[in-house]
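Novice: After the sequence you'll find the predicted model.
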Amino acid sequence: MSIVDGIAPVKIAVLGAGSWGTTFAKILGDAAAGTDRRIVLWGRRQEVVDQINQLHRNPRYLSTTELPTNISASTDVQEVLKDAGLVVLAVPAQTLREQLRGLAAHIAEDAVVVSLMKGLELGTDQRMSQVIEQELGIGKDRVVVVSGPNLAMEIARQEPTASVVACADEDTAKWVANVCKPRYFRPYTVDDVVGVEIGGIVKNVIALCVGICEGQKVGDNTKASVITRGLAETTRLALALGGKAETMAGLAGLGDLVATCSSSLSRNHTAGRMLGEGLTLDEVNNRMTQTAEGIKSGRAVSDLAAKMGVDMPITNAVVGVLEGKLTVDELGPLLLARQLKSEGE
């Protein structure tokens, strides 16, 4: 493997056989058609692994989508990681650090690591790229973040979409982009890892708020207002952390926010809608088959904003609902009662 020479990895490991992990494996598999590149998925459930290997499907998460034959799966994470030049992480954000501690010794020294995760670690308020760098002891030039308006089910159906591949090193970003570009998936490269991650993290919390609005059957004006002001507070946090304003206006900012807040395929939008309909948080969690990262990361986002002195009223109100300090009926009036100010503030 050589990033400098542009040689693609012969083996790619994808850890996490949920909807997005499996879909991204499909992207990689379709992009590798006609080559000797292999994509190996790690999954915790034997039945999921067996279905991928025997039927070329993952019915639990991707319905009837057929997977390329260059994808295989295993429950043996060490075997999945062996000789992989590219390692893609698609595990729940709050479990990442613990999992990496058990995996570090099995990841090749020169492997590039890609994060598909959109969460902020509770307790440390660290982004996933920071956790990866810290636990694996690797430089920023080997850590890549992929984000954008990427609803897994739509991409699995090969509906056209664009995304962002972010890395501090331009060559690494281009190298990864080149192995994930089937005809239906268009990757763009940027160097603003902070902005891309913050956009992907905060949009989940804003989507919870939009979902709550929908559950309460309010109109499109309300939802558009939440999305717009949500983008404003996301941008404030990203800029405070060193991100770029143009990233927030792009695919990883506005694009991801609109898709996540508007689609019934979004886990966070769905979770918010159920809260708005009157379900308790426990009831919502029991009904969800996959993690709604906004529920897990909301408190970390709020804490990070407070630490940075950034005003994030929508985020704070959603966290208040999640923690039982506010009811969904109190959320709207609380936001509307805020002090008048310029839209740019």
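Specialist: Here it is on my side, so go on.
Novice: quick one: the strands in the stretch 51-200 of the chain?
Specialist: In the stretch 51-200 of the chain, the segments counted as strands under DSSP state E, counting those that start in this stretch are 71-74, 86-89, 112-115, 143-147, 161-166, 185-190.
Novice: Can you tell me which of those strands is most buried?
Specialist: strand 143-147 (a mean of 28; mean count of other CB atoms under 10 Å). Bear in mind the C-beta positions are built from the backbone N, C-alpha and C, glycine included.
Novice: what is the mean pLDDT for it?
Specialist: Across strand 143-147, pLDDT averages out at 98.
Novice: and that strand with strand 161-166, angle?
Specialist: Relative orientation of strand 143-147 versus strand 161-166 (axes from the mean of the first three to the mean of the last three CA atoms, to 10 degrees): 160 degrees.
Novice: can you pull out the helices in the stretch 51-200 of the chain?
Specialist: 59-62, 77-81, 96-103, 128-136, 152-156, 170-178, 193-215 (DSSP state H, counting those that start in this stretch).
Novice: For D169, grab the count of nearby residues.
Specialist: Counted with other CB atoms under 10 Å, the neighbours of D169 add up to 17.
Novice: which non-adjacent residue is nearest it?
Specialist: D141 (3.7 Å; CB to CB, 6 or more residues apart in numbering).
Novice: can I assume the one you found is in contact with T172?
Specialist: Yes. Counting by CB atoms under 8 Å, D141 touches T172, with 5.6 Å between them.
Novice: Compare neighbour counts for those two and give me the winner.
Specialist: T172 (24 against 15).
Novice: if we can go back for a sec, out of the strands of the stretch 51-200 of the chain, which is closest to G43?
Specialist: strand 71-74 (5.5 Å; CB to CB).
Novice: State the distance from L15 to D220.
Specialist: 39 Å (CB to CB, to the nearest Å).
Novice: Give me the more crowded residue out of these two.
Specialist: Legend: neighbour count by other CB under 10 Å for L15 and D220, higher for L15 (26 against 10).
Novice: Enumerate every residue touching the more buried one.
Specialist: By CB atoms under 8 Å, 6 or more residues apart in numbering, L15 lies in contact with 21, 42, 77, 80-81, 87-91, 99, 103.
Novice: Quick check: nearest residue in space to it, chain neighbours excluded?
Specialist: W42 (4.6 Å).
Novice: which SS class is L41?
Specialist: strand (DSSP: H, G, I helix; E, B strand; the rest coil).
Novice: likewise A17?
Specialist: A17 ends up coil, using three-state DSSP.
Novice: Same question for the one 4 residues further on.
Specialist: Three states are possible here, and by three-state DSSP the one that applies to G21 is helix.
Novice: mind checking how far the closest residue to it other than its chain neighbours is from E330?
Specialist: Spatial nearest neighbour of G21, excluding adjacent residues (CB to CB, 6+ apart): A90 at 3.2 Å. Distance from A90 to E330, counting by CB to CB: 36 Å.
Novice: Would you mind measuring the gap between the ends of stretch 50-70?
Specialist: 15 Å (CA to CA, to the nearest Å).
Novice: I'd say A238 and V196 touch.
Specialist: No. Judged on CB under 8 Å, A238 makes no contact with V196 at a distance of 9.0 Å.
Novice: residues contacting G243?
Specialist: Contacts of G243 (CB under 8 Å, 6+ apart): 192, 194-196, 198.
Novice: quick one: which of the residues you listed is nearest D50?
Specialist: V196 (35.1 Å).
Novice: Tell me, how many residues neighbour that closest one?
Specialist: Neighbour tally, V196, other CB under 10 Å: 35.
Novice: Can you tell me which helix or strand of this protein has the lowest average pLDDT?
Specialist: Using mean pLDDT, DSSP states H and E, helix 328-336 stands out as the lowest-scoring helix or strand of the chain, at a mean of 84.
Novice: And L67, how far from L55?
Specialist: 9 Å.
Novice: Counting neighbours, go ahead and name the busier of those two.
Specialist: Counting neighbours by other CB under 10 Å for L67 and for L55 shows that L67 has the greater number, 25 against 11.
Novice: what are the phi and psi angles of the closest residue in space to that one that isn't next to it in sequence?
Specialist: Using CB to CB, 6+ apart and skipping residues adjacent in sequence, the residue nearest L67 is H56, 4.6 Å away. Taking degrees, to the nearest 10, you get phi 60, psi 40 for the backbone angles of H56.
Novice: before we move on, the earlier item: quick one: the strands of the stretch 51-200 of the chain as TSV, columns for distance to N178 too.
Specialist: Shown next, in TSV, are these (distance: least, CB to CB, whole Å):
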stretch	distance to N178
strand 71-74	19
strand 86-89	11
strand 112-115	12
strand 143-147	12
strand 161-166	9
strand 185-190	8
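Novice: V319 is nearest to which of these?
Specialist: strand 143-147 (22.1 Å).
Novice: which strands and helices sit next to the closest one?
Specialist: Where contact means 3 or more CB pairs under 8 Å, 6 or more residues apart in numbering; DSSP states H and E, strand 143-147 is packed against strand 112-115, helix 128-136, strand 161-166, helix 170-178, helix 193-215.
Novice: Please identify the most buried of those.
Specialist: Most buried among these, counting by mean count of other CB under 10 Å: helix 193-215, with a mean of 29.
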